[in-house]
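> okay, sequence plus prediction incoming.
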Amino acid sequence: MSMRRCIPGLILLCLVLVACGGRQDWVTFRGTQGRGRAESAIAPPLGIRWKLRLQRDGNSLAAFNPPVVLDDTIYFGSADGNFYALDIESGYMRWTFSTDGPINSVPYADNENVYFGSVDGHAYALRREDGTEVWRFNTGRPVRSSFTRYEDMVMFASDAGSTFAVSELGEELFRLPNLIWYYITFQVHDDVMYFAPGPIENPRSLAAYDVRTGEYLWLLETAMLGAVWYSFPAVDGDMLFMATGAPRGSYWELSYYGIDRHTGEILWRYMDASHFPDGYYVDPELLFRRSIELLDFMAPAVVGNRVIFTSGDATVRAFDTRSGRLVWSSDLSYPTSSAPTIAGNTVYFGVHGDPSDSPDAAPARLVALSARSGRKEWEMPIDGAVLSAPVIAGRRILFGTQNSVFYILEALF
C-alpha cells in the first residue's frame, strides 16, 4: 500500500492475486494465504504456447496486474479499459467487456461470476460464461485494488475512499473508511483482514480487522516505519511477512519484516539500500512511482523456511522466516520488474532490459532462480518487461508485459 505523502500522486498498496486449486486453477491473489507459491511444480526450460498483443496507444504500460484462471479460462483487465476472457489452450477470445477507464485491479472468480474494478469508479460482476453484466457498484473513486471473497461477501477498496463488502447481488453490507491509502491489497485469513485501513481516528495506520465482529485487533503504526509503500502481506503459520520502501534521492530505503500475525509485534526487521548496477541509468524516484502501480510490488513469496523478495532493484533477497537472517542474495544485471512466484523449488520473476533503442540492446527477460541457493537456472527474452507476477496454472506460466503482450508459457518436458 502506498500513502499519498512524500511523493506527489503516491498511493497505497496492494492485495490480491491468486492460488492454484487442483487442476490448473489460480483464483486468489498471490495464492494460498498470499504466499506467492503454486501448488504444482514446474521446472524450466519453458516454451511459448501462445502470446497475444492487446490494444495499446503506443505507450509502455506502468501496470499489468495478474490474471486469474478458473477451469479453462483466463480473466484479466487491461489499461485499455477492457476486461478479457481467453481460452487457456488457444488464446481464443471468449468475450470482452468495456469500462470507461483503465482497469488496474486484481480480479476474483467463483463458479458463476468474475469480479473486478475500474478507474471509472465502479466494481463489476460479470457472468463468467459470456461476460454479461450482473451488477455494477459505484464507489465514487477509482477502484484499483485486489478483490477477494469472504463467505458470501465480495470485498474490494477504492482509492482514498472506502473498503467495501457487498453481497453476491452487489448490495452493500458494510464499509470501512479509507482516507489515506491508494492501490490497496489485502487478504482475509481465519476471519481476519490483513491489512485493512486503520480506523478513522488513526487513518495512517494499517490494521488487522476481524470481519465477523467488526473489531480492529491491532494496528501497525506506519509513522514509525517511515515508508511510502507497504506491500501486500503473506501469511505463513503464526507469521506475517511484508516489505516497505521509500525513495531517498539516489537510492531506495528497503525494509523487510516478520510480524506476529496475532499481536502485530514486529519480530524481525532487515533494512537495506537498493542496488542498481553500475552503468545502468535509472531515475530511482521515477522508477519507484511507476512500480507502485503494480499491486503486488515488493510482495513476498514463501516456501519452507524462506521468504523471498524482488524489490524493484537489481537484487533478489531470501530471508530465514524465523530469524530474518539473510540466507542468500542474488545480484542481477538489470532491475527486477515483477513480484516473484514459486513453483516447486524455482522462483520466477521478470527483469527489465536495456532501455536503449539500439538493435543489440539486451531485452527484458523472465528469469528463474533456485529458491534454495539463488543460483540462476534459466532465462527467456520477452517482448517488454514482465509486469504481472507470473501465475502458474498446472504446467503453464501466464503473465503480461509493459508492451501489452500477454504470454502463456508451457513446460517442455
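Perfect, thanks for sending it.
> please make it C-alpha for all contacts and neighbour counts, starting now.
OK.
> contacting residues around residue 113?
Counting by C-alpha atoms under 8 Å, 6 or more residues apart in numbering, residue 113 touches 125-128.
> okay, the residues you listed in JSON lines with distance to residue 231 and pLDDT next?
Shown next, in JSON lines, are the contacts of residue 113 (distance: C-alpha to C-alpha, whole Å; pLDDT from 0 to 100):
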{"residue": "125", "distance to residue 231": "26", "pLDDT": "98"}
{"residue": "126", "distance to residue 231": "29", "pLDDT": "98"}
{"residue": "127", "distance to residue 231": "31", "pLDDT": "98"}
{"residue": "128", "distance to residue 231": "30", "pLDDT": "97"}
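> okay if I get the residues you listed as CSV plus neighbour count, distance to residue 260 and secondary structure?
Below are the contacts of residue 113 laid out as CSV (neighbours: other C-alpha atoms under 10 Å; distance: C-alpha to C-alpha, whole Å; DSSP: H, G, I helix; E, B strand; the rest coil):
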residue, neighbour count, distance to residue 260, secondary structure
125, 26, 35, strand
126, 20, 38, strand
127, 17, 39, strand
128, 21, 38, coil
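> so which pair among these is furthest apart in space?
125 and 128 (9.0 Å; C-alpha to C-alpha).
> which residues are in contact with both of those two?
Residues touching both residue 125 and residue 128 by C-alpha under 8 Å, 6+ apart: 113-114.
> could you find the closest non-adjacent residue to residue 326?
Residue nearest to residue 326 in three dimensions, not counting chain neighbours: residue 319, with 4.5 Å by C-alpha to C-alpha, 6 or more residues apart in numbering.
> CA-only coordinates of the one helix or strand the one you found maps to in CSV, if you can.
Counting by DSSP states H and E, the element that carries residue 319 is strand 315-320. Included here for strand 315-320 are C-alpha records, laid out as CSV according to Å, rounded to 0.1, in the frame of the first residue of the first chain:
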residue,chain,number,x,y,z
THR,A,315,18.9,-7.8,-6.0
VAL,A,316,16.7,-10.7,-5.1
ARG,A,317,16.8,-11.4,-1.3
ALA,A,318,15.9,-14.5,0.7
PHE,A,319,15.5,-14.5,4.4
ASP,A,320,15.0,-17.1,7.1
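> now residue 159, nearest residue through space, not along the chain?
Closest to residue 159 by C-alpha to C-alpha, 6+ apart is residue 182, at 4.4 Å.
> how much space between the one you found and residue 156?
Using C-alpha to C-alpha, to the nearest Å, residue 182 is found at 12 Å from residue 156.
> what's the answer for residue 265, then?
26 Å.
> so what pLDDT did the residue nearest the centre of the chain get?
For the chain, residue 296 is the residue whose C-alpha lies nearest the centre (C-alpha atoms, centre = their mean; 2.3 Å). If you check residue 296, the pLDDT there is 95.
> worst-scoring helix or strand of the protein, pLDDT-wise?
strand 2-3 (a mean of 62; mean pLDDT, DSSP states H and E).
> and the next helix or strand past it?
Once the chain leaves strand 2-3, the next helix or strand it forms, by DSSP H and E, is strand 46-53.
> distance to residue 1 for the contacts of residue 113 - can I get that in a markdown table?
Shown next, in a markdown table, are those (distance: C-alpha to C-alpha, whole Å):
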| residue | distance to residue 1 |
| --- | --- |
| 125 | 24 |
| 126 | 27 |
| 127 | 30 |
| 128 | 29 |
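> confirm for me that residue 258 is in contact with residue 269.
Yes: using C-alpha atoms under 8 Å, residue 258 makes contact with residue 269 at a distance of 6.6 Å.
> quick one: which of those two has more around it?
More crowded of residue 258 and residue 269, by other C-alpha atoms under 10 Å: residue 258, with 27 against 15.
> what strand or helix carries that one?
strand 252-260.
> how far does stretch 303-313 stretch from start to finish?
End-to-end span of stretch 303-313 (C-alpha to C-alpha): 22 Å.
> distance from the chain centre to that stretch, please.
14 Å (C-alpha atoms, centre = their mean, to the nearest Å).
> so what touches that stretch?
Here stretch 303-313 has contacts from 35, 37, 241, 254, 274-276, 288, 291, 297-302, 316-322, 334-340, 342, 345, 349, 371, using C-alpha under 8 Å, 6+ apart.
> in that stretch, what's buried?
Applying a neighbour-count criterion of 16 or more other C-alpha atoms under 10 Å, the buried positions in stretch 303-313 are 303, 306-313.
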